[in-house]
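Engineer: Below is the sequence, then the predicted model.
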Amino acid sequence: MVRRAGSPTAEEDFSEVVFRFSPDQFPQFAATLGSRAETPGEAASAFQHWKDKLRHRHEVPEGLTQDLLESETIDNVDADLLAAIYNPKHPPFFNAYMHGTPHKDLRFFLRTRVGAIPQLDSPEEVALINCSGGGMEDGIWYSQHLKSEFAARTASSQEDRRLFATRRYNIETVIGKNDHLFRPRDDHV
């Protein structure tokens, strides 16, 4: 963090921020909201800007973060949110997408199910990423296990975050009379 941001902490003045989180994280926000139930007019604009940015892919990535976050393994944040809403046992997550000064695209991830950056196949649950499109400050600024894991001495780089593992599979292949591979018709559609 010190090497990338020049400080052990990140302080950012942001003009837009979008939070996406599992339902169990809402109480942290409810206390600060108080009795306000109305959404500011700027929220819709910020949310649309975030959707446009997150769903946009560069044909040729300009840097490491664009390659990680915009490749074929692009995050489906909406699917994660729906999974957490419909499955109360879904592990908690918290994502913050900040547009600010001096960094225009800082992303904070806390993901316990697949790790903060699943594209790296890394078990760390917390990450701060600056998506500056190949600039000198582009990259992963922070990636670490949860504080609770360090306290319990359970933090490990050997954690297996796979959602499933194939133990056995069958492949049925038929060689046709024309010496081509033939896949039998699947009647179980």
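Structural biologist: Perfect, I can see it now. Numbering: from 1, shown residues only.

Engineer: Helix, strand, or coil at the residue nearest the centre of the chain?
Structural biologist: Compute the mean C-alpha point of the chain, and by C-alpha atoms, centre = their mean the closest residue is D75, 5.5 Å away. In three-state terms, and counting by DSSP: H, G, I helix; E, B strand; the rest coil, D75 is coil.

Engineer: Tell me if I'm right that it and L69 touch.
Structural biologist: Yes - using C-beta atoms under 8 Å as the test, D75 is close enough to L69 to be in contact (6.9 Å). Any C-beta I mention is one placed from the backbone N, CA and C, and that applies to glycine too.

Engineer: ok, the residue nearest to the centre of the chain - contacts?
Structural biologist: Taking C-beta atoms under 8 Å, 6 or more residues apart in numbering as the contact definition, D75 lies against 54, 69.

Engineer: cool, L181 as well?
Structural biologist: Counting by C-beta under 8 Å, 6+ apart, the residues that L181 touches are 173-175.

Engineer: now those in JSON lines, with distance to R113, pLDDT and neighbour count?
Structural biologist: As requested, these are exported to JSON lines (distance: C-beta to C-beta, whole Å; pLDDT from 0 to 100; neighbours: other C-beta atoms under 10 Å):
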{"residue": "T173", "distance to R113": "35", "pLDDT": "76", "neighbour count": "8"}
{"residue": "V174", "distance to R113": "40", "pLDDT": "78", "neighbour count": "9"}
{"residue": "I175", "distance to R113": "42", "pLDDT": "80", "neighbour count": "9"}
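
Engineer: Now the host helix or strand of F150: buried residues?
Structural biologist: Using DSSP states H and E, F150 sits within helix 147-151. Taking 16 or more other C-beta atoms under 10 Å as the basis for neighbour counts, the residues of helix 147-151 that come out buried are E149.
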